[in-house]
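Engineer: The following block contains a protein sequence and its predicted model.
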Amino acid sequence: MKIKDSENFIKENLVELYKIVEQYVYFLEKNHEFIVYLKKRYNIQDKFILDVEENAKRIYQFIPALRQESEEDFFKSLRDFLYNDYSVFLALLKMLFYQVMFYDNKENVMDLISSSDDPAFDSLVGNYFLLTMNFKKIRNVINQFHFKDIELKDELVVDNNTELWLVTDMEHDIFPSDIHRVQEYTDVIISVAKEHISEEDYKLLQHEVSELIINAIKHGNKNDAARIIRVWYKFQDDLFKFIIEDQGEGFKDLEKWNEFNRKRNQAIRNKNFEMLEQYAFYKSNDFEEEEAKGGSTLFGALEYWDSGLIFNSKRNKIVAVKYFYRKSS
């Protein structure tokens, strides 16, 4: 895609983004009773809601000005916007929904939607998914010019030949399959990034790395204490790369998961909440219901990792990359 074509494509998506953020701003301003209800039921602090509202307004005001810029200035401003203000806004919304999920004992945002009987909340969460998908579309285009060394993925991929498997310059550790030590393992792995990224980015990285470790121990090694997991990791030039390998039989249902995810995304785009109820969480035929949630954690992982999740041919080894973009001075 040429730069001018990319600029036009992104500006079209910014129009869509503007409309969704506009709905958020309008919702937060006009639905005070619902906001009071949220704060009271889920013990959410006023400042948290105000932070979400202020970020929404700032983005809403900035997008029209951004769309007037062209070529080099446009892409520079877009990078700053996408990886800072907009990323923070999405993170705040995600934290809000996870707080609500915690109080309602839900496993993921999809469960929250399928169980909600409040159309106002359904609309709010539905718009969050649209914002996230729009972010991914714009990010994938801008990264063609900002990050040259990987091809971004929007589905689980099997690829034995990507250079991302090279581990010559990476730290390496071997851990026993002990689910109770996941936090300990995670802290060892991501400590290399602690001095280089924000506290908010660090917490999100901590969560996503721990989820991949849990999947490897619980669903790959089946909590077998005789099995191990191997990890490789590095932080360099604002890039965190992570590889994890278990001793299981591999994710056999990868293609089924991708098809499930495509239908899930279609339901989100169409705001078809009846259809979403069928895709609240992924359940493999090989999984017991308790284990089915392992497939569901991949939704968030695919959203988070800039490279997507790339598997080896056996499908028991994953490589993932996250970029941390710093605002221009």
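Structural biologist: Structure's in. What do you need?

Engineer: can you list contacts of stretch 156-170?
Structural biologist: For stretch 156-170, contacts defined as Cβ atoms under 8 Å, 6 or more residues apart in numbering pick out 149-150, 232-234, 236, 241, 243, 251, 254, 257-258, 261, 298, 302, 307-313, 315, 319, 321. Heads up, the C-betas are built off the backbone N, CA and C, glycines and all.

Engineer: mean confidence for it?
Structural biologist: When pLDDT is averaged over stretch 156-170, the result is 92.

Engineer: Give me the phi and psi for K322.
Structural biologist: phi -130, psi 130 (degrees, to the nearest 10).

Engineer: and stretch 229-248, how far out from the chain's middle?
Structural biologist: For stretch 229-248, the separation from the chain centroid amounts to 17 Å (computed by Cα atoms, centre = their mean, to the nearest Å).

Engineer: Now the terminal residues of it, how far apart.
Structural biologist: Distance across stretch 229-248, first residue to last, is 10 Å (Cα to Cα, to the nearest Å).

Engineer: Check which element follows the helix or strand hosting I268 along the chain.
Structural biologist: Element membership for I268, per DSSP states H and E: helix 254-269. Sequence order places helix 273-277 as the next helix or strand after helix 254-269, per DSSP H and E.

Engineer: If you count contacts, what does that following helix end up packed against?
Structural biologist: Secondary-structure packing of helix 273-277 (3 or more Cβ pairs under 8 Å, 6 or more residues apart in numbering; DSSP states H and E): helix 109-115, helix 254-269.

Engineer: looking at these, which is closest to Q61?
Structural biologist: helix 254-269 (26.0 Å; Cβ to Cβ).

Engineer: Quick check: can you list the domain ranges of this protein?
Structural biologist: Domain assignment for the chain by automatic domain parsing gives 3-146, 157-255+262-323.

Engineer: For these, which has the smallest mean pLDDT value?
Structural biologist: Taking the mean pLDDT of those, domain 3-146 comes last: a mean of 80.

Engineer: Can you lay out the helices and strands packed on helix 273-277 as CSV showing distance to K94 and mean neighbour count?
Structural biologist: Output for the helices and strands packed on helix 273-277, formatted as CSV (distance: least, Cβ to Cβ, whole Å; neighbours: other Cβ atoms under 10 Å):
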stretch, distance to K94, mean neighbour count
helix 109-115, 8, 19
helix 254-269, 15, 16
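
Engineer: Tell me which of those lies nearest to N8.
Structural biologist: helix 254-269 (21.0 Å).

Engineer: on contacts alone, who are the packing partners of the closest one?
Structural biologist: helix 119-146, helix 273-277, helix 289-304.

Engineer: got the helices and strands packed on helix 273-277 as CSV, with distance to R139 columns?
Structural biologist: CSV is the format used below for the helices and strands packed on helix 273-277 (distance: least, Cβ to Cβ, whole Å):
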stretch, distance to R139
helix 109-115, 20
helix 254-269, 15
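
Engineer: Quick one: closest of these to R58.
Structural biologist: helix 109-115 (23.9 Å).

Engineer: thinking again about what came up before, which of the contacts of stretch 156-170 are buried, as a ChimeraX select command?
Structural biologist: Selection of buried members from the contacts of stretch 156-170 for ChimeraX, criterion 16 or more other Cβ atoms under 10 Å:
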select :150,232,233,234,241,243,251,254,257,261,298,302,307,308,309,310,311,312,315,319,321
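
Engineer: Give me the subset of the contacts of stretch 156-170 lying in strands.
Structural biologist: If you go by DSSP state E, those have 232-234, 236, 241, 243, 310-311, 319, 321 in strands.

Engineer: Contacts only, for V182.
Structural biologist: Here V182 is in contact with 210, 213-214, 217 (Cβ under 8 Å, 6+ apart).

Engineer: Excluding chain neighbours, give the residue nearest to K11 in space.
Structural biologist: R67 (5.3 Å; Cβ to Cβ, 6 or more residues apart in numbering).

Engineer: Can you get me a residue count around the one you found?
Structural biologist: When neighbours are defined as other Cβ atoms under 10 Å, R67 has 17 of them.

Engineer: buried sites along the strand or helix carrying it?
Structural biologist: Assigned by DSSP H and E, R67 belongs to helix 46-68. Under the neighbour-count criterion of 16+ other Cβ under 10 Å, helix 46-68 has 49, 51-53, 55-56, 58-60, 62-63, 66-67 buried.

Engineer: which of the residues you listed lies closest to Y185?
Structural biologist: D51 (31.6 Å).

Engineer: And the residue nearest to that closest one when sequence neighbours are not counted, how far from I243?
Structural biologist: Distances taken as Cβ to Cβ, 6+ apart place L92 nearest to D51, at 5.8 Å, with adjacent residues excluded. Separation of L92 from I243 (Cβ to Cβ, to the nearest Å) stands at 30 Å.

Engineer: same thing with N316?
Structural biologist: Distance from N316 to I243, by Cβ to Cβ: 12 Å.
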